[in-house]
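# take this sequence and fold it.
(one chain, ligands or ions: 5)
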Amino acid sequence: MDFDKFEDKLQLVRRSIKEALDGSPERLYDASLHLTSAGGKRIRPLLCLLSCEAVGGSIDDALKTAVAIELIHTFTLIHDDIMDKDELRRNVPSVHVVYGEPTAILAGDLLFSKAFEISRKETIKILAKAAAEICEGQEMDMSFEEAGDVTEKEYLEMIRKKTAVLLQAATESGAILGGGSDQSDHSSQVKKLSDYGLNIGMAFQIHDDVLDLLADEKKLGKPVGSDIVEGKRSLVVINALENLVGAEKEKVQRILCKEDNSPEEIALVVRLFEESGAITYCRDKAEHFINLAKSALDDLEESEAKNDLMDIAEYIIDRKE
Ligand code: IPE
Ligand code: IPE
Ligand code: MG
Ligand code: MG
Ligand code: MG
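Ligands and ions are numbered 1, 2, ... in the order given. Modelled structure (predicted):
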């Protein structure tokens, strides 16, 4: 998908992020801007702005909240890389690698606080709820590393919290700020866009878990195979362990439990995942959520923004980065 057509919107977002992060000590603010300077897709603020336009609003109505959501996202990335022990993000060394863990923790906290300072007040509670759920989801993600038998249902609840709720907050907030029809009505514009955001969010993380295994590291900008090293219980793992038997299953279990995996071990696990059908299973699952997302928008009034949201839904499961 060609993001060039969104360049005006993305430029506004980038400029507003820089404006929000101007202060001292300089080193702390530099750390908080480190990932923003390196890039990122900025899909969440884009979703917020397009959802606002899709209900007839103008992007000025949603810009502050869109930026706040990207700040919350950036905060989660900085802390996530500490928790996941990942040293590369957006093709640059992670914040804690460059600035050390203490400053990286503070840079995350700063981004988190600034988000609530700049958000439009109508959407503060939505952002606060999403941020709390991300913490819950991240704790579940880590606790699953030690748990032997995680079910698909538990995985889906974990990714809903750690990832999908923020995309949902983006589309729901955008719709509210754009003056979308009443939230309490189940067929309202706000509800449709909220459901769309939730479902693309689910697909987003399932696809991210596949990318972690199969992507080109340069394109992805983060370490490939990291979830295997960390022993993450992704849907690929859950499904593969259901399908594999005997020596192959034991090999996968042993490598997932062990740290410092060699490139050969990672390649072996990826091959076994592919042969077990788990990758295909996950691609189908992601597609299922994308279909739900698109049907949530079915009878939303036609607009350019709606078409863009439909295209973004496809992009979520096609992307290589
Ligand atoms: C990465 O999100 C974190 C996940 C929820 C998988 P993105 O893939 O949106 O990361 P950037 O912002 O484009 O770097
Ligand atoms: C994404 O989980 C969830 C959050 C960052 C909140 P991952 O740990 O899979 O994200 P990446 O792959 O490091 O971007
Ligand atoms: Mg991570
Ligand atoms: Mg993580
Ligand atoms: Mg990942």
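
# spatially nearest residue to residue 46 (excluding sequence neighbours)?
In space, residue 46 comes closest to residue 6 once its chain neighbours are excluded; the distance is 5.8 Å by C-beta to C-beta, 6 or more residues apart in numbering. (C-beta placed from N, C-alpha, C; glycine too.)

# helices or strands up against the host helix or strand of residue 229?
Using DSSP states H and E, residue 229 sits within helix 226-230. Secondary-structure packing of helix 226-230 (3 or more C-beta pairs under 8 Å, 6 or more residues apart in numbering; DSSP states H and E): helix 189-214, helix 263-276.

# other residues contacting the helix or strand that the shortest one is followed by?
Okay, so that is helix 263-276. As assigned by DSSP H and E, the chain's next helix or strand after helix 263-276 is helix 278-296. Identification of contacts with helix 278-296 by C-beta atoms under 8 Å, 6 or more residues apart in numbering yields 192-193, 195-200, 202-203, 206-207, 209-210, 213-214, 234-237, 239-240, 243, 273, 310, 313-314, 316-317.

# rerun at 6 Å
With contacts defined as C-beta atoms under 6 Å, 6 or more residues apart in numbering, helix 278-296 is touched by 192, 195-196, 199-200, 202-203, 206-207, 210, 235-236, 239-240, 273, 313, 317.

# again, but for stretch 225-234
When contacts are defined by C-beta under 6 Å, 6+ apart, stretch 225-234 is touched by residues 84, 86, 144-145, 150, 209, 212, 256, 261, 266, 269.

# residue 194 is in contact with residue 175, correct?
No - using C-beta atoms under 6 Å as the test, residue 175 is too far from residue 194 to be in contact (7.1 Å).

# which of those two has more neighbours?
Per other C-beta atoms under 10 Å, whichever of residue 175 and residue 194 has more neighbours is residue 175, with 30 against 25.

# ramachandran angles for the more buried one?
phi -70, psi -40 (degrees, to the nearest 10).

# and residue 13, what does it touch?
42, 45, 67.

# which SSE is it in?
helix 7-20.

# briefly note if that helix comes near ligand 1.
No - Helix 7-20 stays clear of ligand 1 (C-beta under 6 Å from any ligand atom), getting no nearer than 11.5 Å.

# next structured bit after that helix?
That would be, after helix 7-20 and using DSSP H and E, helix 26-38.

# which of the contacts of stretch 225-234 count as buried?
Buried members of those, scored by 16 or more other C-beta atoms under 10 Å, are 84, 86, 144, 150, 209, 212, 256, 261, 266, 269.
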